[in-house]
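Student: Show me how the following folds:
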Amino acid sequence: MSSDVSHQFIRCTACGCVCFKPGSVHLRSCDHCGHGWVAHAVEKLQLQAPPPCGQVEVARPEPVFDLSSLVLYGAQAVPVRIKILLDRLYSILTAQQVGHILHMLGWSLTDYIRGYMLQSPDGKALDHWLMVTPDEEFLVLKQFLRFGETRPIVELMTLQCLATANHLPDPQVSPSPKSCQSNGRGTLRFPLSSRPF
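Tutor: Have a look, this model is predicted:
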């Protein structure tokens, strides 16, 4: 998914904007409506005919590319749960197919294996990373249910998340120190004092 992806007519599911235009500052947000890439691209995946009830889809390069684009396009880091699921799908494809998907989305194999990019495309060292937001992550996780290789993992992750949500302590009662901060747009910043180097 090179820059050609941005020229496709991909409607925003949040507001109806008819064409995703990559942001001048953040590629993952639309300059037309301000919503994220996932809000636009997830419609393409939802329009694909789902397998009949109870059946699963085979992990082929095209649908895996589409799903990968939700996570990797314009991003510089991959959330752990999604990386586990992508790894499972990539294990079904050939090394050449995986390499092609990563290259088209602006990732090297080394960066993908690490889970984040060390440098921006212009060679500058990164100290913060763009990635899917928690809300986008939920939408993306649901897309993995269509594949036999990932459905049981997503179902287990969902149960674990629900169990964790039901047992979380009240954050007002015992606040924990923050080792990283999210701005809600999928960017993480780590305070200098918490960096291990």
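Student: what's near enough to touch residue 153?
Tutor: For residue 153, the contact set (C-beta atoms under 8 Å, 6 or more residues apart in numbering) comprises 84-85, 88, 144. In this view, the C-beta of every residue, glycine as well, is placed from N, C-alpha and C.
Student: are any of the residues you listed buried, and which?
Tutor: 85, 144 (16 or more other C-beta atoms under 10 Å).
Student: The contacts of residue 153 in helices, which ones?
Tutor: 84-85, 88 (DSSP state H).
Student: Can you tell me which of those is closest to residue 158?
Tutor: Among the ones in helices among the contacts of residue 153, residue 85 lies closest to residue 158 (C-beta to C-beta), at 12.0 Å.
Student: you'd agree that closest one is up against residue 145?
Tutor: No. Using C-beta atoms under 8 Å as the test, residue 85 is too far from residue 145 to be in contact (10.1 Å).
Student: what is in contact with the two at once?
Tutor: residue 154.
Student: In a strand, residue 54, correct?
Tutor: No. Under DSSP: H, G, I helix; E, B strand; the rest coil, residue 54 falls outside any strand and is assigned coil.
Student: Test for you: state the pLDDT assigned to it.
Tutor: Residue-level confidence at residue 54 comes out at 71, pLDDT.
Student: all helices of this protein, in order?
Tutor: 37-47, 61-72, 80-90, 95-104, 109-114, 134-143, 151-166.
Student: in the fifth one, what's buried?
Tutor: Of all the residues in helix 109-114, those buried under the rule 16+ other C-beta under 10 Å are 111-112.
Student: low pLDDT regions in this protein?
Tutor: For the chain, applying pLDDT under 70 flags the ranges 1-53, 165, 167-197.
Student: on that earlier part again, make TSV out of the contacts of residue 153 and add distance to residue 102.
Tutor: Formatted as TSV, the contacts of residue 153 follow (distance: C-beta to C-beta, whole Å):
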residue	distance to residue 102
84	17
85	15
88	16
144	18
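Student: For residue 95, state which of the contacts of residue 153 is nearest.
Tutor: residue 88 (15.4 Å).
Student: I figured that closest one hits residue 148, correct?
Tutor: No. Contact between residue 88 and residue 148 fails when scored by C-beta under 8 Å: they sit 10.2 Å apart.
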